[in-house]
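**Q** fold the following, please.
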Amino acid sequence: MVGNKTWLRFTRENAEEAPEIQGIYEICSLSPSGKKLWRLGKVPNLRKRLVTRLTEPPPPDNCYFRYYEAGVSRDIDELAGKLFDSYIERSGDAWEG
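**A** This next block holds a predicted model:
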């Protein structure tokens, strides 16, 4: 699950293409010093949260995002745990559960 998903530029157009289902998302900013996690969360509606994150609060410059769908047959807590664990050593308080 974690690691093979395509990163998309964090724009309204791309956020509005996300499905309206539960899932996990991550938003990172890119700078000359590398990639920095800005937000990571599990939500009941990916599209709604991603569109909201475009303005509340405003994201840093040069952001990219990716998401993982967690339909009824998937355990969203297990998926979120795996993604969170992949960041635990590198991130601060970006988790939104």
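**Q** next, Lys48: secondary structure please.
**A** Classification of Lys48 using DSSP: H, G, I helix; E, B strand; the rest coil returns helix.
**Q** number the residues from 309 up from this point.
**A** Okay, using 309 as the starting number, the last item reads as Lys356.
**Q** how far away is it from Gly349?
**A** According to CB to CB, to the nearest Å, Lys356 and Gly349 sit 12 Å apart. In this view, the C-beta of every residue, glycine as well, is placed from N, C-alpha and C.
**Q** please say which of these two ends up with more neighbours.
**A** Comparing Lys356 with Gly349 by neighbour count (other CB atoms under 10 Å), the higher total belongs to Gly349, at 21 against 13.
**Q** name the helix or strand of the chain that has the lowest mean pLDDT.
**A** Scoring the helices and strands of the chain by mean pLDDT, DSSP states H and E places strand 403-404 at the bottom, with a mean of 48.
**Q** how far off centre is stretch 358-371?
**A** Offset of stretch 358-371 from its chain centre (CA atoms, centre = their mean, to the nearest Å): 11 Å.
**Q** now it - C-alpha only, PDB.
**A** Taking Å, rounded to 0.1, in the frame of the first residue of the first chain, the C-alpha atoms of stretch 358-371 are listed here in PDB:
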ATOM      1  CA  LEU A 358      -8.400  17.700   0.100                       C
ATOM      2  CA  VAL A 359     -10.400  20.700  -1.200                       C
ATOM      3  CA  THR A 360     -10.700  22.100   2.300                       C
ATOM      4  CA  ARG A 361      -6.900  21.700   2.900                       C
ATOM      5  CA  LEU A 362      -6.300  24.000  -0.100                       C
ATOM      6  CA  THR A 363      -7.400  27.000   2.100                       C
ATOM      7  CA  GLU A 364      -7.800  25.900   5.800                       C
ATOM      8  CA  PRO A 365      -5.000  26.500   6.700                       C
ATOM      9  CA  PRO A 366      -3.300  27.500   3.500                       C
ATOM     10  CA  PRO A 367      -0.700  25.000   2.400                       C
ATOM     11  CA  PRO A 368       3.000  25.800   2.100                       C
ATOM     12  CA  ASP A 369       4.400  26.600  -1.400                       C
ATOM     13  CA  ASN A 370       5.100  23.800  -3.900                       C
ATOM     14  CA  CYS A 371       2.900  21.100  -2.400                       C
END
